[in-house]
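> need a structure here:
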Amino acid sequence: MFESLDRLPPDPILGLMAAYRADGDPIKVDLGVGVYRDERGETPVLAAVKRAEASFLARQTTKSYVSSVGNAEFNRLLEELTLGAAHPTVAGGRVRTIQAPGGCGALRLGAELIKASSPHTVVHVSVPTWANHIPLIGGSGLKLANYDYYDAGSGGLNFAGMLEALEKLPAGSAVLLQASCHNPTGVDLTDAQWRELLPAFKRGALLPFIDMAYQGLGRGIAEDAFGIRLFAAQLPEVLIAVSCSKNFGLYRERTGALHVIAASAAAADTALSQLARIARTLYSMPPDHGAAIVQEILANDALRTLWLDEVAAMHARMAGLRAEFVKHLSASCPQRDFSCIARQHGMFSLLGIDTAQVRALRDAHHVYMLDDSRINIAGLRTGNLAYVAEALSQVLRQRA
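Numbering: from 1, shown residues only. Model prediction:
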């Protein structure tokens, strides 16, 4: 049977990881893989995570299943983190949450719920978007389409094009939005732009499907959730996929959740019943370990404060790296304006160079990034900023 299968090429990110590991040059720089790294180039276990893990493991008495919807207290605490404890949807009982295997699992659950509700719905995604959005959502069988988002010329948002595209969508369309730290561009909607988008969603009866993978790493915990909190308060239905990989550093624990905002408590209960069935058919039960860590942190004032300080430190480090990188780029590459990198948010930016130049950086200078020139800002360090800027300068001069 399996002899009839075609061998597929490796995933671009996984292939890049393998190439980087195989490179023996000590100067090599990994700007490809989307994980946070500290100044030593390591992805640390947060101190809050270590303390929380030790605490709950000392009390844990069983490894039995939790449920298809996951850890109830984790779900409740994550609702409060996402929406705020005083949000009207929480007070009104219109929110239901299902724990998921990471943000990826949450995205797929949301897509499957849309399909169960309205199988002909088209999900519209930004150009560009995170590459895995397409297979995660499209793999459910839903059709996808695009809307304008990024202005490559300015390194900013093409808000007029975005708004125009959304105004033209058929009623009932779903729109995938990123709450903050847009992957791959780092270009986010301002609070004013979120407010300006809202009437288009109301007029068109559009369903916002909001992906929040980096809460706290853009502008702050509440600031990064501004669009979510606004839309959830003003619209009858919203889907929110949340990941704990980046801000809690729980990458391998696959910890996330899908929040469903429904028009009524009864409709929210119905949606959750459907999600429990979907989860049962896909993976049965979610992993518990990461959710237990997050629960411990968010329920303990001292651990929560420690975690918030660590998130703030990660955010500050990346903002500082952006500013310093722009200074080095301005000195090494005066023929190009890279100042937009300092105005962007989160872990990612696009350098705006072509695939040949990306590969020249890798082959000649051991600087690794995705072919679309997306770089992970957290892969930079004080000791390699000048090197990366000069390597880029040489590649740009060669193609001038």
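
> thinking residue 388 is in contact with residue 368, fair?
No. Applying C-beta atoms under 8 Å as the test, residue 388 and residue 368 come out as separate, 10.6 Å apart. C-beta here means a position set from N, CA and C on the backbone, and glycine is covered the same way.

> find the residues that touch each one of the two.
29, 31 (C-beta atoms under 8 Å, 6 or more residues apart in numbering).

> quick check: which ranges of the stretch 51-200 of the chain have low pLDDT?
Of all residues in the stretch 51-200 of the chain, none has pLDDT under 70.

> so what's the gap between the top helix by length along the chain and the chain middle?
Determined from DSSP state H, the single longest helix within the chain is helix 301-332. Distance, stretch centre to chain centre, for helix 301-332: 17 Å (C-alpha atoms, centre = their mean, to the nearest Å).

> which residues touch the following helix or strand past that helix?
Once the chain leaves helix 301-332, the next helix or strand it forms, by DSSP states H and E, is helix 340-343. For helix 340-343, contacts defined as C-beta under 8 Å, 6+ apart pick out 154-156, 186, 322-323, 325-326, 329, 349, 377.

> switch the cut-off to 6 Å
Applying C-beta atoms under 6 Å, 6 or more residues apart in numbering, the contact partners of helix 340-343 are 155, 322-323, 326, 349.

> then stretch 140-149?
With C-beta under 6 Å, 6+ apart as the test, stretch 140-149 has contacts from 111-112, 115, 122-127, 138, 158, 161-162, 165.

> give me the subset of the residues you listed lying in strands.
In this view, the contacts of stretch 140-149 that belong to strands under DSSP state E are 122-127.

> so which of these is the closest to residue 175?
residue 124 (5.0 Å; C-beta to C-beta).

> quick check: that closest one touching residue 175?
Yes. Counting by C-beta atoms under 6 Å, residue 175 is a contact partner of residue 124 at 5.0 Å.

> those two: who's more crowded?
Between residue 124 and residue 175, counted using other C-beta atoms under 10 Å, the more crowded position is residue 175 (24 against 20).

> helix or strand for the more buried one, which one?
Per DSSP H and E: strand 174-178 holds residue 175.

> ditto for residue 76
Assigned by DSSP H and E, residue 76 falls in helix 72-83.

> which elements pack onto that helix?
strand 95-101, helix 289-299 (3 or more C-beta pairs under 6 Å, 6 or more residues apart in numbering; DSSP states H and E).

> change it to 10 Å
helix 88-91, strand 95-101, strand 207-212, helix 221-224, helix 226-234, strand 238-243, strand 255-261, helix 289-299 (3 or more C-beta pairs under 10 Å, 6 or more residues apart in numbering; DSSP states H and E).

> could I get the CA-only coordinates of stretch 344-359 as PDB?
Extracted in PDB, the C-alpha atoms of stretch 344-359 (Å, rounded to 0.1, in the frame of the first residue of the first chain):
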ATOM      1  CA  GLN A 344       7.200  46.600  14.100                       C
ATOM      2  CA  HIS A 345       6.300  44.300  17.000                       C
ATOM      3  CA  GLY A 346       7.100  40.800  18.200                       C
ATOM      4  CA  MET A 347       9.400  38.200  17.000                       C
ATOM      5  CA  PHE A 348       9.300  38.500  13.200                       C
ATOM      6  CA  SER A 349      10.000  40.900  10.400                       C
ATOM      7  CA  LEU A 350      10.500  40.600   6.600                       C
ATOM      8  CA  LEU A 351      13.800  41.900   5.300                       C
ATOM      9  CA  GLY A 352      12.400  42.300   1.800                       C
ATOM     10  CA  ILE A 353      15.200  40.500  -0.100                       C
ATOM     11  CA  ASP A 354      14.600  37.800  -2.700                       C
ATOM     12  CA  THR A 355      15.200  34.100  -2.400                       C
ATOM     13  CA  ALA A 356      18.500  34.200  -4.100                       C
ATOM     14  CA  GLN A 357      19.800  36.800  -1.600                       C
ATOM     15  CA  VAL A 358      18.400  34.700   1.300                       C
ATOM     16  CA  ARG A 359      20.300  31.700   0.100                       C
END
